[in-house]
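> dropping a prediction and its sequence here:
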Amino acid sequence: MDRIFEPQYIWLESVDSTNSYCMKLAQEGEQEGLAVAAFFQEKGRGQRGNTWESERGENLTFSLLLRPSFLRVEEQFMISKAIALSICDWLKNNNVDARVKWPNDIYVGDKKIAGVLIENSFSSTFLDISIIGIGMNLNQIVFSSNVPNPISMTLLTGFQYRPEVVLSELVVSIQMRYLQLKCGLKEKISDDYLKSLYRFQNLCNYSSADGNFKAKIIGIKPTGELILEMEDGQKKSFGFKEIIFEI
C-alpha cells in the first residue's frame, strides 16, 4: 500500500480530550498522520455534545490529524464516510460484521461499538485540518452510564485486545480509505458507505420535531443529510440533529 502519511504516535496517561490536544498541535504546524491516544479521557466528547464513557485503559480513544486540502468544504462529509468505513473494515478483518449508523456511529447488530467525532477547519474553499476522534469499546464488559446499547470486542469475541496494537492497525485501515479518497474514488466510498448503512432500505421507527413515524433510509445527500422515504412514498431529508432513531 502506498503511504500517504507516516504515522506518529503520542500516548498520554490522561487528557481532557484527545481532539482538543490534537487540534492544538495541528494549529502549531504538526504534520498529517499524528495520532494522539489516551488511556483515559476526562472529557471525551461524542456527537451532539454527548460524552463518551470509557474505563481507564480498557478501550481505545484517540484522535488522528489529517490535512485533506484536496477536498472542498462542501465535500467534507466524504471524510466522515471514509473514516466510518475504515472502522468497519478493521472490524470485518477481526470477524465482526459492523454497520454505520448515520452519520458515523459504528454498530454491531443494534449495539454501538464505536463512535466518531470529526472536527474540520478551513480558511478558504478547501479543507485545512480534520481532527478524527475515535472511541472504540475493546475490553470493557460493564457500562455504567445511561447509554442504552454499548457492546465491546471482548463481549463479542471473548478475547482481550491491546489498545496500542489496535491503534496501529486502525491507522493502516484509515490510510487505505483515505488514499481512495485522495485518488478521487469518491463514488466507490459513497457506494460502500450506503451498502454499510444500518437500517438501509428497512422500514423502521424514527422521530423528529413533527412526531413519530416509520420510514426507509434510501440515500445520503452529498452534504451528509439523511434521505428517508415515508410510508406514503414522500421523501424527506434530515440534518444531524433533526432525527432520532427509535427502537
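Arrived safely, thanks for sending.
> burial of the residue nearest to Leu64 when sequence neighbours are not counted, as a residue count?
Take Leu64 and drop its neighbours on the chain: the residue closest to it by Cβ to Cβ, 6 or more residues apart in numbering is Ile132, 4.3 Å away. Heads up, the C-betas are built off the backbone N, CA and C, glycines and all. Look at Ile132: counted by other Cβ atoms under 10 Å, it has 25 neighbours.
> so Ile132 belongs to a strand, correct?
Yes: Ile132: assigned to a strand according to DSSP: H, G, I helix; E, B strand; the rest coil.
> mind listing what it touches?
Residues in contact with Ile132 (Cβ atoms under 8 Å, 6 or more residues apart in numbering) are 63-66, 79, 83, 116, 118, 174.
> who does Glu229 form a beta bridge with?
Glu229 forms beta bridges with Lys216, Lys235, as assigned by DSSP bridges.
> outside of the longest helix belonging to the chain, which residues touch it?
Ranked by residue count and defined by DSSP state H, the top helix of the chain is helix 163-182. For helix 163-182, contacts defined as Cβ under 8 Å, 6+ apart pick out 1-5, 7, 9, 11, 35, 37, 39, 57, 59-60, 62, 64, 66, 68, 70-71, 78-79, 82-83, 85-87, 89-90, 93, 132, 134, 136, 138, 188-189.
> after it, next one along is what?
helix 186-195 (DSSP states H and E).
> now do the buried residues in that following helix.
186, 189-190, 192-194 (16 or more other Cβ atoms under 10 Å).
> domain map for the chain?
Following automatic domain parsing, one gets these domains for the chain: 8-195, 203-245.
> average pLDDT for the last one?
What that stands for is domain 203-245. Domain 203-245 carries an average pLDDT of 97.
> Trp90 should be in a helix, yeah?
Yes: secondary structure of Trp90 (three-state DSSP): part of a helix.
> how many neighbours does the closest residue to it other than its chain neighbours have?
Nearest residue to Trp90, sequence neighbours excluded (Cβ to Cβ, 6+ apart): Ser173, at 4.5 Å. Ser173: 19 surrounding residues under other Cβ under 10 Å.
> try Gly29
6.
> what angle sits between the longest strand seen in the chain and helix 163-182?
If you go by DSSP state E, the chain has its longest strand at strand 111-122. Angle between the axes of strand 111-122 and helix 163-182 is 60 degrees (criterion: axes from the mean of the first three to the mean of the last three Cα atoms, to 10 degrees).
> sounds good, over and out.
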